[in-house]
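A.B. asks: Structure of the sequence below:
(chains A and B)
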There are 2 protein chains.
Amino acid sequence: MQLAKGDVVAEKTVHLTRESLVRYAGASGDFNPIHYRDDVAERVGLPGVLAHGMLTMGIGSSVLGEWLGDTGRLRSYVVRFTKPVVVDGETGADVTYVATVGLVKDDGSVRIDLTVTAGSDKVFGKAQAVVVPQ
Amino acid sequence: MQLAKGDVVAEKTVHLTRESLVRYAGASGDFNPIHYRDDVAERVGLPGVLAHGMLTMGIGSSVLGEWLGDTGRLRSYVVRFTKPVVVDGETGADVTYVATVGLVKDDGSVRIDLTVTAGSDKVFGKAQAVVVPQ
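C.D. replies: Numbering: from 1, shown residues only, chains lettered A, B, ... in the order given. Predicted coordinates for the structure are as follows:
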């Protein structure tokens, strides 16, 4: 695969609902009620029920996996969490992932920079993966 | 919280089943059949059905979140994927997380090193989080 810095290799918008969060809670074991109860989220001063940070992070790796054809080609992944995603009970939330080539290395590995947005919010301060494309 | 390098701050063993993987697939949108079909896993030469790397990574952040009382105190998180976790259809898989203080920084943040094992396998080559304990 011939890649150059700046190439957009994957782009996807994912619709999250409250059901997504409950499923993720069950799978991950993270049953913090701020991820499914409006009253608790309000009581602790949050703007609403929040998606698990690791779910929004994990979807990023799925987007890369779909592009790579195999998540085994994902070598490392780092994010800095900045803005959590509020998932409205009626309308859910749309989260958009854009994966851009940041650096092509001599050893064939590639650094991918992910930009993840929900509305005008930047969800991660930094999100980078090192991948080995076919 | 008074912390010093080497302190073990959290330790947990999580039992994963095939149902965990199907739930994670539904939540994350990663429906790659190597995570729920023996026949496909075998066909592509894997040792068995594998847990999603991001699920094993995500559980690590839940373990840290339980310790911190709030995953909002998790500032960044990086892993290098090394050994995927095989989830047996009958017996599942036990994955053990040990979180140790790696570095206490002047700004009050703390680097946590996670050791994640499944049997004798080290699941991640590197797994580090930067957290801000209360």
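
A.B. asks: Okay, angle between the biggest helix by length in chain A and helix B:53-68 too, please.
C.D. replies: Of all the segments of type helix in chain A, defined by DSSP state H, the longest one is helix A:53-68. Relative orientation of helix A:53-68 and helix B:53-68, computed by axes from the mean of the first three to the mean of the last three CA atoms, to 10 degrees: 170 degrees.

A.B. asks: Next secondary structure element downstream of helix A:53-68?
C.D. replies: On the C-terminal side of helix A:53-68, the nearest following helix or strand under DSSP states H and E is strand A:74-81.

A.B. asks: Which elements pack onto the helix or strand just after that following strand?
C.D. replies: Sequence-wise, the next helix or strand beyond strand A:74-81 is strand A:93-104, with elements assigned using DSSP H and E. Using 3 or more CB pairs under 8 Å, 6 or more residues apart in numbering or on different chains; DSSP states H and E as the contact definition, the elements that strand A:93-104 packs against are strand A:8-16, helix A:53-68, strand A:110-118. Placement of C-beta: from N, CA and C, glycine included.

A.B. asks: where's A:Leu16 relative to chain B, distance?
C.D. replies: Applying CB to the nearest CB, to the nearest Å, the value for A:Leu16 to chain B is 9 Å.

A.B. asks: Give the residue spans of chain A that score low on pLDDT.
C.D. replies: Low-confidence segments of chain A, defined by pLDDT under 70, are absent; every residue clears the threshold.

A.B. asks: How about the residues of it by chain B?
C.D. replies: With the criterion set to CB under 8 Å from any CB of the partner chain, chain A comes near chain B through A:14, A:20-21, A:23-24, A:26-30, A:32, A:52-55, A:57-59, A:61-62, A:65, A:71-72, A:74-81, A:84, A:126.

A.B. asks: re the thing from before, what's the most buried one of the helices and strands packed on strand A:93-104?
C.D. replies: With neighbours defined by mean count of other CB atoms under 10 Å in any protein chain shown, none of the helices and strands packed on strand A:93-104 is more surrounded on average than helix A:53-68, at a mean of 24.

A.B. asks: Report the angle between it and strand A:74-81.
C.D. replies: Taking the same axes, to 10 degrees, one finds that helix A:53-68 is oriented at 140 degrees with respect to strand A:74-81.

A.B. asks: I'd assumed A:Gly48 was in contact with A:Val40.
C.D. replies: No - under the contact definition of CB atoms under 8 Å, A:Val40 does not touch A:Gly48, with a separation of 11.0 Å.

A.B. asks: so what sits against both of those two?
C.D. replies: Residues touching both A:Val40 and A:Gly48 (CB atoms under 8 Å, 6 or more residues apart in numbering or on different chains): none.

A.B. asks: Can you add distance to A:Tyr97 and give the helices and strands packed on strand A:93-104 back as CSV?
C.D. replies: Compiled in CSV, these are given as follows (distance: least, CB to CB, whole Å):
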stretch, distance to A:Tyr97
strand A:8-16, 5
helix A:53-68, 5
strand A:110-118, 5
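
A.B. asks: Report the outermost residue of chain A with respect to its centre.
C.D. replies: A:Asp106 (27.3 Å; CA atoms, centre = their mean).

A.B. asks: hang on, the earlier thing: with respect to A:Glu90, which of the helices and strands packed on strand A:93-104 lies nearest?
C.D. replies: A:Glu90 lies closest, by CB to CB, to one member of those: strand A:8-16, at 12.7 Å.

A.B. asks: Could you give the separation of that closest one from the chain centroid?
C.D. replies: Taking CA atoms, centre = their mean, to the nearest Å, one finds strand A:8-16 lying 9 Å from the centre of the chain it belongs to.

A.B. asks: Same question for stretch A:3-22.
C.D. replies: Its chain's C-alpha centre and that of stretch A:3-22 lie 7 Å apart, by CA atoms, centre = their mean.

A.B. asks: ok, and what's touching that stretch?
C.D. replies: Taking CB under 8 Å, 6+ apart as the rule, stretch A:3-22 contacts A:35-36, A:49, A:51-52, A:55, A:59, A:63-64, A:66-67, A:85, A:87, A:89, A:92-104, A:110, A:112, A:133, B:26-27, B:29.
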